[in-house]
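A.B. asks: Turn this into a structure:
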Amino acid sequence: MSIYPALFQVISWLPDGIRAEDGTQRIIMTTRRSSGPGAQAAKAALKKPAEAMASLYPEILKGMPVGVLILHLESPRDPRTFRIIDINPAAASLTGTTLEDLRGKTLGDFPKLLRTPFPGSCLEALQAQEPRNVGEIAYGDEHIREGIYAVRVFPLSHDFLGVAVENVTEQRRSERALRESEERFRLLIHGVQEYGIFQLDRLGHVMSWNAGAERLMGYAAEEIIGKHFSVFYLKEDVQSGKPERNLAEAARKGQSEDEGWRIRKDGSRFWTSALMTALRDSQGNLRGFAKLTRDMTERREREEALTRAKELLELRVEQRAAVLTRVNEELRVEIAERKHAEEQFKETLEQLRSLAARLQRVREEERASIAREIHDELGQACTAIKMDLALIGNKLSKRQAQLRAKIESSMHLVDDMIVTLRRIASDLRPRALDDLGLAAALEWQAQEFERHTGIHCHVALPAAEPLNLDPERSTAIFRIFQESLTNVARHAEATSVEARLEIAEGQLLFTVHDNGKGFAPQEAKAKKSLGLVGMQERAYLLKGELSIEGALGSGTTMTLRIPLLPPVQPRLDSQ
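C.D. replies: Purely as a prediction, here's the structure:
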């Protein structure tokens with residue numbers, strides 16, 4: 001007797017039908033074919049219905065979407081001897097194997113499966129000739145894919161058993177993930193302490209209540225669930241219909257935001273920021289509302305304090321601005337007065353410098369005039385006196401020896417006077433400066449300095465071109481050189497002086513360096529040396545600059561830079 005008719009008699013025993021992989025319930029149907037053995041069997045069924053249906057049972061088994069195995073018990077009391085004699089493609093697919101791998105094997109070939117309730121349930125169902133729901137079995141080995149399988153067994157005859165198998169791994173995994181997600185969300189909602197989160201029905205009655213809402217409002221869940229959420233509003237807000245307006249706005253726009261005072265269970269007020277969101281099902285029907293509430297009292301107090309501080313600060317700024325405006329005006333007046341005083345000072349300074357330059361020129365002119373008068377007038381007078389004394393001495397007789405000695409003594413005195421007059425005239429105005437020029441005057445001054453002090457002094461002059469300087473520049477350079485040598489003799493304790501005069505890039509550069517003990521420039525500024533001030537003023541009057549550099553133990557260097565005047569081109573008169 002074939003087992004297939006019995007197989008299809010017990011298909012209806014499967015619990016709640018058979019579900020496909022997408023979770024939809026399917027009805028077992030036969031497979032229609034247009035050609036092949038199935039088509040031929042269908043044609044024969046038209047003539048012989050009973051025989052045709054019997055021939056179609058194997059085809060129907062192959063086309064079933066649920067996994068079905070047919071087991072044969074070879075030893076009545078040993079479940080390990082259940083042998084797989086047939087299996088449909090759906091069972092091979094959902095277990096991750098092939099028909100050839102499973103067909104012919106016994107349960108004894110699956111050691112891990114023997115440790116599950118499956119073998120015993122198969123034997124019990126066969127002995128009782130009743131279907132058994134084995135339930136879900138987590139299983140996997142080298143033959144069968146790891147997963148969770150829903151198994152139901154049903155007897156086909158006294159030694160044949162049908163097994164319906166469904167792989168519910170993904171379904172159970174999704175259900176577990178959903179449960180875990182719902183649990184996490186529930187814990188999140190109930191664990192939030194900073195926000196009050198609760199649900200309302202369509203009319204505004206509280207349906208759920210979290211710990212944050214209890215902390216914020218003061219109501220326990222059993223005290224507030226079922227009450228209308230207007231109990232949180234002020235009396236005047238309830239009378240004005242504000243709760244209903246918030247519900248209507250959330251239902252119309254999807255959500256409603258609001259800030260305002262609310263009342264706790266103990267009657268105290270707090271400032272809240274609330275967001276109400278409408279909850280709709282997949283068809284768009286309104287199911288209720290979710291409300292998120294946060295206590296913003298401290299922030300509002302901080303904002304109010306900040307506003308008051310800002311207003312106070314603005315007032316103080318205005319007051320300070322008024323004071324600063326007044327002080328600024330006073331400073332402007334003072335600055336204007338100082339600028340005027342500075343301008344007057346600069347003007348006075350320029351006048352003083354002009355006066356000093358004028359006095360310098362007058363003094364040089366007076367020196368030159370006195371030197372000429374000494375050289376010309378007194379020199380000529382002394383020469384005449386010496387000639388007269390010589391004439392008188394020539395006319396004296398030998399008996400007038402005493403008088404001759406007096407005349408000779410007088411002639412020596414006249415010679416000394418002539419030398420003294422020449423020295424005084426040279427000190428006042430060296431004739432070499434006017435007669436031979438600056439270069440000769442500098443060499444003469446160096447020789448005189450070396451002769452009087454014993455300090456070696458050398459002057460290096462430009463050999464490429466002659467120095468054609470105006471009298472004012474020549475005089476200033478010579479006087480600065482004289483003052484430098486005077487400072488060396490007084491303070492430097494030097495043994496050598498090197499002076500260099502050169503022309504470079506339209507400037508006259510004059511340096512004087514000694515190998516003396518040197519000095520700190522700060523000390524010279526502190527002493528306010530008139531000699532240095534005079535040298536700097538002479539350089540300034542010529543639009544030049546003078547610098548003094550020195551270091552203790554390394555000597556001193558004076559550097560003078562004076563711009564040169566462009567040479568005067570001779571005018572060519574046209575014939």
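
A.B. asks: When you work out contacts or count neighbours from here on, use the C-alpha atoms and nothing else.
C.D. replies: OK.

A.B. asks: A strand includes residue 277, no?
C.D. replies: Yes - counting by DSSP: H, G, I helix; E, B strand; the rest coil, residue 277 falls inside a strand.

A.B. asks: Hmm, residue 255 and it touching each other?
C.D. replies: Yes - taking contacts as CA atoms under 8 Å, residue 277 lies within contact range of residue 255: 4.2 Å.

A.B. asks: These two: which has the busier surroundings?
C.D. replies: residue 277 (22 against 19; other CA atoms under 10 Å).

A.B. asks: the strands in the stretch 101-250 of the chain, which residues?
C.D. replies: Here the stretch 101-250 of the chain has its strands, by DSSP state E, counting those that start in this stretch, at 132-139, 147-155, 160-167, 195-200, 206-209.

A.B. asks: Nearest approach to residue 72 belongs to which of these?
C.D. replies: When the strands of the stretch 101-250 of the chain are compared by CA to CA, strand 160-167 sits nearest residue 72, at 4.6 Å.

A.B. asks: The closest one - contacts with which helices or strands?
C.D. replies: Using 3 or more CA pairs under 8 Å, 6 or more residues apart in numbering; DSSP states H and E as the contact test, the elements touching strand 160-167 are strand 67-73, helix 89-94, helix 118-128, strand 147-155.

A.B. asks: Centre of the chain to it, how far?
C.D. replies: 69 Å (CA atoms, centre = their mean, to the nearest Å).

A.B. asks: per-domain residue ranges of the protein.
C.D. replies: Per automatic domain parsing, the domain ranges recorded for the chain read 4-28+64-169, 192-295, 301-405, 432-563.

A.B. asks: Give me the average confidence score over the first one.
C.D. replies: This points to domain 4-28+64-169. Across domain 4-28+64-169, pLDDT averages out at 81.

A.B. asks: Could you pull out the strands in the stretch 451-575 of the chain for me?
C.D. replies: Using DSSP E, counting those that start in this stretch, strands in the stretch 451-575 of the chain cover 456-460, 496-504, 507-514, 545-550, 556-563.

A.B. asks: And the third one, what's buried?
C.D. replies: In this case it means strand 507-514. 508, 509, 510, 511, 512, 513, 514 (16 or more other CA atoms under 10 Å).

A.B. asks: Contact partners for residue 291?
C.D. replies: Residues near residue 291 by CA atoms under 8 Å, 6 or more residues apart in numbering: 196, 197, 198, 199, 200, 274, 275, 276, 277.

A.B. asks: The last one and residue 488: what is the separation?
C.D. replies: To tie it back to what came earlier, the one meant is residue 277. 99 Å (CA to CA, to the nearest Å).

A.B. asks: do the same with the fourth one
C.D. replies: When distance is defined by CA to CA, residue 199 is 103 Å away from residue 488.

A.B. asks: do the same with residue 87
C.D. replies: For residue 87, the distance to residue 488 - CA to CA - is 127 Å.

A.B. asks: cool, residue 406 as well?
C.D. replies: As judged by CA to CA, residue 406 and residue 488 stand 44 Å apart.

A.B. asks: If you count surrounding residues, which of those two has more?
C.D. replies: residue 488 (24 against 13).

A.B. asks: Just send the domains of the chain back as CSV, with distance to residue 421 too.
C.D. replies: Listed next are these as CSV, based on distance: least, CA to CA, whole Å:
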stretch, distance to residue 421
domain 4-28+64-169, 134
domain 192-295, 110
domain 301-405, 6
domain 432-563, 16
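
A.B. asks: Go through those and name the closest to residue 411.
C.D. replies: The nearest among the domains of the chain, by CA to CA, is domain 301-405 at 5.6 Å.

A.B. asks: now the closest one, how far from the centre of its chain.
C.D. replies: Here domain 301-405 is found 56 Å from its chain centre; the criterion is CA atoms, centre = their mean.

A.B. asks: Just the closest of the buried residues of strand 507-514 to residue 168, please.
C.D. replies: residue 509 (105.9 Å).

A.B. asks: From residue 477, how far out is the closest one?
C.D. replies: Distance from residue 509 to residue 477, by CA to CA: 10 Å.

A.B. asks: what does residue 249 give?
C.D. replies: 99 Å.

A.B. asks: Ok, residue 556 next?
C.D. replies: Taking CA to CA, one finds residue 556 at 18 Å from residue 477.

A.B. asks: The two: which has the busier surroundings?
C.D. replies: Each of residue 556 and residue 477 has its neighbours counted (other CA under 10 Å); residue 556 has more, 25 against 22.

A.B. asks: So, low pLDDT: which residues of the stretch 301-450 of the chain?
C.D. replies: 353, 355-358, 360-369, 371-379, 422-423, 425-429, 431-435 (pLDDT under 70).

A.B. asks: which residues of it fall in helices?
C.D. replies: All helices of the stretch 301-450 of the chain, identified by DSSP state H, counting those that start in this stretch, fall at 379-395, 401-428, 431-435, 438-453.

A.B. asks: for those helices, which one ends up most surrounded?
C.D. replies: Counting by mean count of other CA atoms under 10 Å, helix 438-453 has the highest mean neighbour count of the helices of the stretch 301-450 of the chain, with a mean of 17.

A.B. asks: Output it as PDB - backbone C-alpha positions only.
C.D. replies: Extracted C-alpha coordinates of helix 438-453, given in PDB (Å, rounded to 0.1, in the frame of the first residue of the first chain):
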ATOM      1  CA  LEU A 438      90.100 120.100   3.800                       C
ATOM      2  CA  ALA A 439      92.500 117.200   3.000                       C
ATOM      3  CA  ALA A 440      95.700 119.200   3.800                       C
ATOM      4  CA  ALA A 441      94.000 120.700   6.900                       C
ATOM      5  CA  LEU A 442      93.200 117.200   8.200                       C
ATOM      6  CA  GLU A 443      96.700 115.900   7.700                       C
ATOM      7  CA  TRP A 444      98.200 119.100   9.300                       C
ATOM      8  CA  GLN A 445      95.800 118.600  12.300                       C
ATOM      9  CA  ALA A 446      96.900 114.900  12.600                       C
ATOM     10  CA  GLN A 447     100.500 115.900  12.600                       C
ATOM     11  CA  GLU A 448     100.000 118.600  15.200                       C
ATOM     12  CA  PHE A 449      98.000 116.100  17.400                       C
ATOM     13  CA  GLU A 450     100.700 113.500  17.200                       C
ATOM     14  CA  ARG A 451     103.500 116.100  17.900                       C
ATOM     15  CA  HIS A 452     101.700 117.400  21.000                       C
ATOM     16  CA  THR A 453     100.300 114.100  22.500                       C
END
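
A.B. asks: Provide the contact partners of that helix at residue level.
C.D. replies: Under CA under 8 Å, 6+ apart, the answer for helix 438-453 is 430, 432-433, 455-459, 461, 467, 469, 474-475, 478, 481-482, 485, 489.

A.B. asks: And the pLDDT at the residue nearest to residue 202 when sequence neighbours are not counted?
C.D. replies: Closest residue to residue 202 apart from its sequence neighbours, by CA to CA, 6 or more residues apart in numbering: residue 288 at 4.4 Å. The confidence metric pLDDT takes the value 92 at residue 288.

A.B. asks: Residue 288: neighbouring residues, count only.
C.D. replies: Other residues close to residue 288 by other CA under 10 Å number 21.

A.B. asks: ok so, going back, can you pick the most crowded of the contacts of residue 291?
C.D. replies: That'd be residue 200 among the contacts of residue 291, by other CA under 10 Å, with 26 neighbours.

A.B. asks: so that residue bridges to which residues?
C.D. replies: residue 206, residue 289 (DSSP bridges).

A.B. asks: residues touching it, list them.
C.D. replies: With CA under 8 Å, 6+ apart, residue 200 has these contacts: 206, 207, 208, 229, 288, 289, 290, 291.

A.B. asks: Of the residues you listed, which pair is most distant in space?
C.D. replies: The distance between the two most remote of the contacts of residue 200 (CA to CA) is 12.6 Å, for 229 and 288.

A.B. asks: Need the residues touching each of the two.
C.D. replies: 200, 204.

A.B. asks: and residue 312, how many neighbours?
C.D. replies: With other CA under 10 Å as criterion, residue 312 counts 12.
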